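*Asks:* need a structure here:
(chains A and B)
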Amino acid sequence: GQQVMQIPQYQHVQEGEDFTTYCNSSTTLSNIQWYKQRPGGHPVFLIQLVKSGEVKKQKRLTFQFGEAKKNSSLHITATQTTDVGTYFCAGRITGGGNKLTFGTGTQLKVEL
Amino acid sequence: DAGVIQSPRHEVTEMGQEVTLRCKPISGHNSLFWYRQTMMRGLELLIYFNNNVPIDDSGMPEDRFSAKMPNASFSTLKIQPSEPRDSAVYFCASSFGRLNTEAFFGQGTRLTVV
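*Replies:* Numbers count the residues shown, from 1 in each chain, chains lettered A, B, ... in the order given. Predicted structure coming up:
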């Protein structure tokens, strides 16, 4: 079945440092979404990418969808303590309907 | 809209008991997803419905798990009999349309089977 892996599994950074998480799918995706889950909370939608090679920015966050539509990345510039949480990618495979499969997640901790 | 509503928020039950988790999706949404989250396995998709019809239940662990969606505003996930390894946070999520739409998650039900 479809697998969506993320690396790293955990990341500790000092406030102000950059952070990147990578998402890789075993199958081609029709689109990729990113979610953030705060400790004790539920996943909250951040953004969706649809086109091959697409890049989107939200303030300090930059999202990229690979040319082959099988990988994606999230980069945070100058992390802040409010960025703490687990970041998930989630993808729909081409021809897979509305089935949304989540990646394994990257847990980010930011220290002062 | 109040968002996706799940109940109960917490459930502690003894092994062998039946457990029923409930979900009310956002009004107007026609896709509903049940996920299970554990430290070991992350966020697993158990089953999803489109227009109240189960489309993919390949993630349902075994026959002890069953899910229903009798109408557009209500879904249940039942575990019978429950086992300690079922302990997890169960999330319900809903979305509008079939593709290219975000999923809205409920607060989750934390299930502990002792």
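
*Asks:* Next up, identify which helix or strand the residue sitting nearest the centre point of chain B is on.
*Replies:* Centroid-nearest residue in chain B, with C-alpha atoms, centre = their mean: residue B:34, separated by 3.2 Å. Per DSSP states H and E, residue B:34 falls inside strand B:31-38.

*Asks:* State the number of residues packed around residue B:20.
*Replies:* Other residues lying near residue B:20 total 14 when counted by other C-beta atoms under 10 Å in any protein chain shown. In short, each C-beta sits where N, CA and C put it, glycine included.

*Asks:* meant to ask about residue B:106
*Replies:* 24.

*Asks:* Provide a list of residues in contact with it.
*Replies:* Residue B:106 makes contacts with A:42, B:3, B:4, B:5, B:6, B:23, B:91, B:92, B:93, as judged by C-beta atoms under 8 Å, 6 or more residues apart in numbering or on different chains.

*Asks:* Give me the buried subset of these.
*Replies:* Using 16 or more other C-beta atoms under 10 Å in any protein chain shown as the burial test, the contacts of residue B:106 include A:42, B:4, B:6, B:23, B:91, B:92, B:93 as buried.

*Asks:* Retrieve the pLDDT associated with the first one.
*Replies:* pLDDT, residue A:42: 98.

*Asks:* Now for residue A:19, how many residues are close by?
*Replies:* 21.

*Asks:* Need the nearest residue in space to the residue nearest to the centre of chain B, chain neighbours excluded.
*Replies:* residue B:46 (4.4 Å; C-beta to C-beta, 6 or more residues apart in numbering or on different chains).

*Asks:* Also residue B:16?
*Replies:* Closest residue to residue B:16 apart from its sequence neighbours, by C-beta to C-beta, 6+ apart: residue B:81 at 4.5 Å.
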